[in-house]
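A.B. asks: Following is a predicted model, sequence given first.
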Amino acid sequence: MLQERKFEIIEEQTREYTLFNTQGTQWKVRLNQPPTISTDPVTHFVASVNEMFDHLLENVDDGDMVGITLHNEVNQSDKPIAFSFRRKDKIS
C-alpha cells in the first residue's frame, strides 16, 4: 500500500540568476494535517518537514547551494524561519 505524503507541492518556480551564472528553484509547499488518530502534532510536524526536505533535495548535487525559508501563509504575523545558503552536503 502506498503511503500518502505528509506535504503537498502547490507551486514550483525556476529562475535564472545570470549575474551569478546559476539557477534557483522555489517551491511553495503545504504540510498536510496530522491524522485524526495522531498522538503528537509536534512529532507529525517534524516528520513532515523531514520528509519534505528529503523529497525536495533528493535530486540536488552535494556541492549545490541551498537556502530555506519557512513561513506561515495563514498567519502573516508569524516571523519566517530561515536557514542561510549552504552546501547541500552540510545540511543535516
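C.D. replies: Good, I have the coordinates.

A.B. asks: Kindly state the beta-bridge partners for V29.
C.D. replies: Counting by DSSP bridges, V29 is bridged to I9.

A.B. asks: now it: how far from L19?
C.D. replies: Distance of V29 to L19, given as Cβ to Cβ, to the nearest Å: 27 Å. Quick note: C-beta positions are derived from backbone N, CA and C, even for glycine.

A.B. asks: With neighbour numbers in mind, choose between these two.
C.D. replies: More crowded of V29 and L19, by other Cβ atoms under 10 Å: V29, with 16 against 6.

A.B. asks: Please, which helix or strand holds E73?
C.D. replies: Assigned by DSSP states H and E, E73 falls within no helix or strand.

A.B. asks: Dihedrals phi and psi, it?
C.D. replies: With angles defined as degrees, to the nearest 10, E73 sits at phi -70, psi -30.

A.B. asks: domain ranges for the chain?
C.D. replies: Here the domain parsing of the chain from automatic domain parsing is 1-15+27-59, 63-92.

A.B. asks: Using JSON lines, please lay out those together with mean pLDDT.
C.D. replies: Shown next, in JSON lines, are the domains of the chain (pLDDT from 0 to 100):
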{"stretch": "domain 1-15+27-59", "mean pLDDT": "84"}
{"stretch": "domain 63-92", "mean pLDDT": "86"}
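
A.B. asks: ok, V46 to E12 distance?
C.D. replies: In terms of Cβ to Cβ, V46 sits 24 Å off from E12.

A.B. asks: With F20 instead?
C.D. replies: 20 Å.

A.B. asks: what do you get for M52?
C.D. replies: 13 Å.

A.B. asks: more crowded one of those two?
C.D. replies: Neighbours around M52 and E12, counted as other Cβ under 10 Å, are more numerous at M52. The numbers are 21 against 11.

A.B. asks: Grab the nearest non-local neighbour of that one.
C.D. replies: Nearest residue to M52 in three dimensions, chain neighbours excluded: F7, at 4.6 Å (Cβ to Cβ, 6 or more residues apart in numbering).
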